[in-house]
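# Output the structure for:
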Amino acid sequence: MMSSTLAHDAARGALFTMIAQAARILLQLISVAVLARLLTPHDYGMLAIVLVLVGLGEIFRDFGLTSASIQAPELSTGQRDNLFWINAAIGTGLGLLMLLASWPLGAITGESDIVGMAQWLSLLFVCNGLATQHRANLMREVRLRPLAIVDVAAAAIALAIAIAAALLGAGFWALVIQQLCNGAISLIGVVIAGRWLPRRYSRAHSVRTMITFGWNLVAANLVQYAARQVDTVLVAGRFGTASLGLYNRAFQLVMTPLGQVRSPLQSVALPVLSRLQRDQPRFETYVTAAQLALGYLIGIPIAMLAGLAEPVVAIMLGDAWAEAAPILRMFAIAGLLTTLSYVGYWVYLARGLGAQLLRYTLVTAAIKVVCIVIGSFFGLIGVAIAFAVHPAIAWPISLAWLSRVTPMPTRRLYGGGVRIFIVTLLAGVAAWGAGEAASPLGSWAAVGAGLAAGVVTASASLLVPIYRRDAQSLMGFVRLMATRRRPATGTAAAAD
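Below you'll find the predicted structure:
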């Protein structure tokens with residue numbers, strides 16, 4: 001019963017998370033389409049500057065305590081209360097720092113309006129700090145449906161208010177209002193959904209180990225953040241803004257949507273794996289299944305994107321951006337390889353291996369820097385190739401590193417990875433061949449023919465028994481998504 005219940009909770013959680021993410025992406029597109037017509041590029045430029053500081057501060061605001069509370073094998077009510085006050089204090093402190101930084105920021109940018117914008121947006125740290133443990137508690141209990149509803153409702157209401165403010169002539173303040181409304185409504189929503197209020201801080205309930213884990217996670221995130229900027233800085237410095245524009249647009253077409261699809265699934269995977277960390281056989285089964293789900297469901301579309309890079313760039317960016325096509329292809333390959341290794345990151349978090357994650361991140365960040373620097377000697381495409389080579393090196397290192405510090409189904413993960421790589425490679429090559437054959441008919445025809453060929457080729461893998469078993473596992477998970485859990489007794493189960 002426990003096994004089927006947990007599997008069902010994970011499947012339904014994944015469904016609600018993906019629906020919520022799709023809704024949020026749609027709201028983002030609506031926001032861009034509507035507000036961009038009511039506001040100016042200058043308004044968005046000021047917001048972008050402030051949000052850089054907000055994004056950096058958010059790494060410290062969470063302090064890794066969301067993951068720490070979710071993965072903890074046991075979490076007392078007192079520990080949860082203490083974590084709430086710690087996150088609240090960090091959020092308030094960062095808000096004060098942002099407030100004080102608003103005047104220097106205005107002086108540096110020469111924009112007087114940005115001072116007020118930064119001061120009001122400093123309240124985001126307070127809202128998010130108060131909401132952190134309420135969100136973590138919902139994720140720990142795998143109550144992802146109410147969390148998804150809160151996130152979508154907050155984004156929709158905030159967008160409606162921002163549009164109304166812009167129509168009334170609020171200017172850039174409409175963007176500030178949108179951000180603050182989103183944060184405030186999310187806070188109210190998770191407090192109501194969480195159904196708990198913190199008591200006072202008590203030293204009787206130690207959270208020292210969680211803080212240590214959180215600090216290591218913060219450090220790892222900062223290292224990752226810095227490593228992510230290396231290629232951008234190097235391209236800008238060595239090849240100029242035009243090359244950076246090609247590089248950045250190709251990156252946005254692949255890696256941004258990939259992150260929007262992949263990262264939210266962590267809210268499903270982390271609480272499930274954390275529950276299973278004392279049940280090694282089931283833990284290994286779920287880790288293997290997670291890699292297969294990510295690899296097939298994300299990897300096959302990415303592989304077809306790599307094969308159809310030229311017509312996709314022509315459709316999305318225009319013929320003037322044709323030089324971005326080979327760069328996009330490298331990013332797609334990198335996206336596939338990073339997806340294969342993504343479950344390793346979940347294992348670090350679920351097992352509470354913060355210090356080991358930090359060491360691994362330092363090593364792989366150094367490898368990425370070396371790869372990017374070497375690649376830069378071969379031009380812009382060399383940097384893109386290096387970007388793809390890095391995860392190819394990092395994936396086996398990740399498995400080897402993890403297997404040294406915690407039990408891992410290494411052989412099964414390698415086997416699954418090889419199977420995923422074979423089928424995605426064949427699908428990508430088929431998409432490329434069909435796209436090339438149909439290219440005289442135009443970019444849309446090339447994309448259509450390539451997608452059809454890639455899907456047919458991937459489907460043909462079902463003729464092989466081991467691929468049929470993989471497909472049956474995935475279909476079983478999909479069926480759980482669509483099925484309501486039946487109550488264990490004659491009475492109706494309590495709804496979220």
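# hey, let's count contacts and neighbours off CA atoms from now on
Noted.
# Reduced to three states, what does the closest residue to residue 81 other than its chain neighbours come out as?
Leaving aside its chain neighbours, residue 81 sits nearest to residue 198 (5.0 Å; criterion: CA to CA, 6 or more residues apart in numbering). Secondary structure assignment for residue 198 (DSSP: H, G, I helix; E, B strand; the rest coil): coil.
# residues near residue 198, how many?
15 (other CA atoms under 10 Å).
# Return the list of helices and strands in contact with the helix or strand harbouring residue 343.
Under the criterion of DSSP states H and E, residue 343 resides in helix 325-351. Other helices and strands packing on helix 325-351, by 3 or more CA pairs under 8 Å, 6 or more residues apart in numbering; DSSP states H and E, are helix 65-71, helix 208-262, helix 266-275, helix 280-307, helix 309-316, helix 354-376, helix 379-405.
# From residue 313, how far off is residue 418?
Using CA to CA, to the nearest Å, we find residue 418 at a distance of 29 Å from residue 313.
# mind listing what the closest residue to residue 236 other than its chain neighbours touches?
Distances taken as CA to CA, 6+ apart place residue 244 nearest to residue 236, at 5.5 Å, with adjacent residues excluded. By CA atoms under 8 Å, 6 or more residues apart in numbering, the contact list for residue 244 reads 232, 235, 236.
# Look up phi and psi at residue 352.
Main-chain torsions, residue 352, degrees, to the nearest 10: phi 70, psi 30.
# between residue 418 and residue 313, who's got more neighbours?
Between residue 418 and residue 313, counted using other CA under 10 Å, the more crowded position is residue 313 (23 against 13).
# how about stretch 382-398: buried residues?
Buried residues in stretch 382-398, counting neighbours by 16 or more other CA atoms under 10 Å, are found at 382-392, 394-395, 397-398.
# Among those residues, pick out the one closest to residue 67, please.
Lowest distance from residue 67 to these (CA to CA) belongs to residue 398, with 19.5 Å.
# residue ranges with poor pLDDT in this structure?
For the chain, residues meeting the criterion pLDDT under 70 lie at 1-16, 29, 32-33, 241, 263-264, 267, 476-496.
# Quickly list the domain ranges of it.
1-206, 215-484 (automatic domain parsing).
# picking that back up, which residues touch the residue nearest to residue 81?
80, 81, 84.
# For residue 57, see how far away the last one is.
So that's residue 84. The spacing between residue 84 and residue 57, counted by CA to CA, is 18 Å.
# More neighbours: the two, which one.
Counted by other CA under 10 Å, residue 84 and residue 57 do not tie: residue 84 has more neighbours, with 25 against 19.
# Return the distance of the strand or helix carrying that one from the chain's centre.
Assigned by DSSP H and E, residue 84 belongs to helix 77-109. Remark: helix 77-109 is offset 23 Å from the chain centroid, using CA atoms, centre = their mean, to the nearest Å.
# Can you name the element that comes right after it?
helix 113-121.
# so how far is that next one from its chain's centroid?
28 Å.
# what's the answer for stretch 280-296, then?
Put simply, stretch 280-296 sits 18 Å off its chain's centre (CA atoms, centre = their mean).
# Tell me the buried residues in it?
By neighbour count with 16+ other CA under 10 Å, stretch 280-296 contains the buried residues 283-284, 286-296.
# Show me the contact partners of that stretch.
Contacts for stretch 280-296 (CA under 8 Å, 6+ apart): 262, 269, 273, 276-277, 336, 339-343, 347, 407-409, 412-413, 416-417, 420, 424, 470, 473-474.
# Please pick the buried ones from those.
Buried members of these, counted by 16+ other CA under 10 Å: 269, 273, 276-277, 336, 339-343, 347, 408-409, 412-413, 416-417, 420, 424, 470, 474.
# Near the closest residue to residue 112 other than its chain neighbours, how many other residues are there?
In this structure, residue 112 finds its nearest non-sequential neighbour in residue 106, 5.5 Å apart by CA to CA, 6+ apart. Residues within reach of residue 106, counting by other CA under 10 Å, total 17.
# Could you do residue 37 as well?
By other CA under 10 Å, the residues close to residue 37 number 11.
# who are the neighbours in contact with the closest residue to residue 335 other than its chain neighbours?
Closest residue in space to residue 335, ignoring its immediate chain neighbours: residue 255 at 6.7 Å, by CA to CA, 6+ apart. By CA under 8 Å, 6+ apart, the contact set of residue 255 is 331, 332, 335.
# Not counting its neighbours along the chain, what's nearest residue 227?
Excluding the flanking residues, the one nearest residue 227 by CA to CA, 6+ apart is residue 365, at 5.7 Å.
# shouldn't that neighbour be in contact with residue 221?
No - applying CA atoms under 8 Å as the test, residue 365 and residue 221 come out as separate, 11.0 Å apart.
# for the helices and strands packed on helix 325-351, which one ends up most surrounded?
Among these, the stretch with the highest mean neighbour count (mean count of other CA atoms under 10 Å) is helix 65-71, at a mean of 27.
# Residues contacting that helix, please?
With CA under 8 Å, 6+ apart, helix 65-71 has contacts from 75, 80, 83, 87, 132-133, 135-137, 139-140, 210-211, 213-214, 270-271, 274-275, 349-352.
# was I right about residue 449 contacting residue 433?
No - Residue 449 is beyond contact range of residue 433, at 9.2 Å (criterion: CA under 8 Å).
# With neighbour numbers in mind, choose between these two.
residue 449 (22 against 19).
# What lies in contact with the helix or strand hosting the more buried one?
Element membership for residue 449 (DSSP H and E) is helix 443-460. By CA under 8 Å, 6+ apart, the surrounding residues in contact with helix 443-460 are 300, 304, 307-308, 311-312, 314-315, 423-424, 426-439.
# what's the answer for stretch 408-428, then?
Applying CA under 8 Å, 6+ apart, the contact partners of stretch 408-428 are 284, 288, 291-292, 295-296, 299-300, 303-307, 340, 399-400, 402-403, 453-455, 457-458, 461, 467.
# which other helices and strands contact the host helix or strand of residue 138?
Using DSSP H and E, residue 138 falls within helix 123-140. Here helix 123-140 touches helix 41-62, helix 65-71, helix 77-109, helix 144-167, helix 173-194, helix 266-275, going by 3+ CA pairs under 8 Å, 6+ apart.
# what's the distance between the first one and the middle of its chain?
This points to helix 41-62. Distance, centroid of helix 41-62 to centroid of chain: 18 Å (CA atoms, centre = their mean).
# Give me the buried positions along it.
Buried residues in helix 41-62 (16+ other CA under 10 Å): 43, 46, 47, 50, 54, 57, 58, 59, 60, 61, 62.
# what's near enough to touch the second one?
Remark: with contacts taken as CA under 8 Å, 6+ apart, residue 46 is in contact with residue 114.
# How is residue 407 assigned, secondary-structure-wise?
Under three-state DSSP, residue 407 comes out as coil.
# Quick check: closest non-adjacent residue to it.
In space, and not counting its chain neighbours, residue 407 is closest to residue 280: 7.9 Å by CA to CA, 6+ apart.
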